[in-house]
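>>> structure here, sequence nowhere to be found:
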């Protein structure tokens, strides 16, 4: 099956990296078109052997991009077009129809309770979304929570199919050697208590709450993995709170890595080609993971942290809300206030200090087992479910929302 994926941009982000991971597991002949910003993920997809083309769209209202996109769709003789993210879903559906491709699947990655891809959920945004959605064959929701939001928005239930985001569970298995190497590279003492967070540094993620809470714990360190417009502001906040030396803003981390890590010297740990720790190694360096975002469509970073054996504190995580509580015994929902988060972190800090005499090799004894929730969201399952949606889209409409159940 020849499939064209159309996405708004390919800088480092959750939806972008999820597309790259899916492409590694889908048994399709795939191409990718990015409307704009062919960044690090585009380079990674190309390195994986998938062709990426940049439409070089000038902005949201660059209507001249539509005939160019339709021409590329027509030339590719694709069996199906799959769109990702708001702008690509709008332009991609229209272009596919103009090119004569009827099977069109769109994945809704970013519909939150109050925003979609950073845009407020206005009546205009809803009307435009629904107008484009009617041109497609099926809409994929990345969680049951998003499926319910789509239905409330007016998307017909029979057009919605739940295919959750996925991870390569085995890659996140805890490695004490990787923990030591990552801490060495980052300048984190082996006996330090390290709080972790992963995500795009935007105001909606509320990482300022995490910075403020860690600043109240004088012996705690914070490792934030991600980049975005709030990075400078978070650095200033850490400085104002007297915690600049304990707050590490690592920057974005490409995941999966572009190429297999080089073989390390004796006593070393694998690192990606760029020389820095990869995401599993960064998670191994943490002692507890916190997600402060109050509005999520899935919560992929939380699932990755659980796969790494970390205890998790989260304000909201649809990936876990959609499963029974026993699927993730190491995760706990919190209020998200600064004082409450600081209080929630203190028991983890005390436990870490009590283990300060242990050798670095013993760190793995305190990691949690991989919970059913992480195994449930293995990327191979997601790829299989998406192939079913593809096959039904090519053959005809699918009858019902796909159910998500914990094994």
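Arrived safely. It should be emphasised that the depicted structure is a prediction, and the values quoted were computed from it without experimental measurement. Numbering: from 1, shown residues only.
>>> quick one: contacts for the spatially closest residue to residue 208 that is not a sequence neighbour?
Excluding its sequence neighbours, the residue lying closest to residue 208 (C-beta to C-beta, 6 or more residues apart in numbering) is residue 237, at 5.8 Å. Backbone N, C-alpha and C define where each C-beta goes, glycine included. Contacts for residue 237 (C-beta atoms under 8 Å, 6 or more residues apart in numbering) come out as 208, 211, 212.
>>> which strands and helices lie in contact with the host helix or strand of the last one?
For residue 212, the enclosing helix or strand under DSSP states H and E is helix 207-215. Under the contact criterion of 3 or more C-beta pairs under 8 Å, 6 or more residues apart in numbering; DSSP states H and E, helix 207-215 touches strand 193-198, strand 220-225, helix 231-240, strand 247-251, helix 338-354.
>>> can you list these in TSV and add distance to residue 17 and mean pLDDT?
Below are those laid out as TSV (distance: least, C-beta to C-beta, whole Å; pLDDT from 0 to 100):
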stretch	distance to residue 17	mean pLDDT
strand 193-198	11	98
strand 220-225	12	97
helix 231-240	19	97
strand 247-251	15	95
helix 338-354	27	95
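>>> where does the protein have low pLDDT?
For the chain, applying pLDDT under 70 flags the ranges 118, 258-275, 397-407.
>>> which SS class is the residue of it most remote from its centre?
Relative to the mean C-alpha coordinate of the chain, counting by C-alpha atoms, centre = their mean, the farthest residue is residue 357 (35.6 Å). Using DSSP: H, G, I helix; E, B strand; the rest coil, the secondary structure recorded for residue 357 is coil.
>>> same deal with residue 11?
Secondary structure assignment for residue 11 (three-state DSSP): coil.
>>> and it, how many neighbours does it have?
Number of residues near residue 11 (other C-beta atoms under 10 Å) recorded here: 18.
>>> thought it was touching residue 40?
Yes - using C-beta atoms under 8 Å, residue 11 is in contact with residue 40, at 6.7 Å.
>>> in the stretch 251-400 of the chain, which spans are helices?
279-284, 300-307, 318-321, 338-354, 372-376, 379-395 (DSSP state H, counting those that start in this stretch).
>>> distance from the first one to the middle of the chain?
To tie it back to what came earlier, the one meant is helix 279-284. Taking C-alpha atoms, centre = their mean, to the nearest Å, the mean C-alpha location of helix 279-284 is offset from the chain mean by 15 Å.
>>> contacts for that helix, please.
171-176, 178-179, 181-182, 196, 198, 223, 225, 250, 253, 255, 269-271, 289, 304-305, 308, 310.
>>> good, wrapping up.
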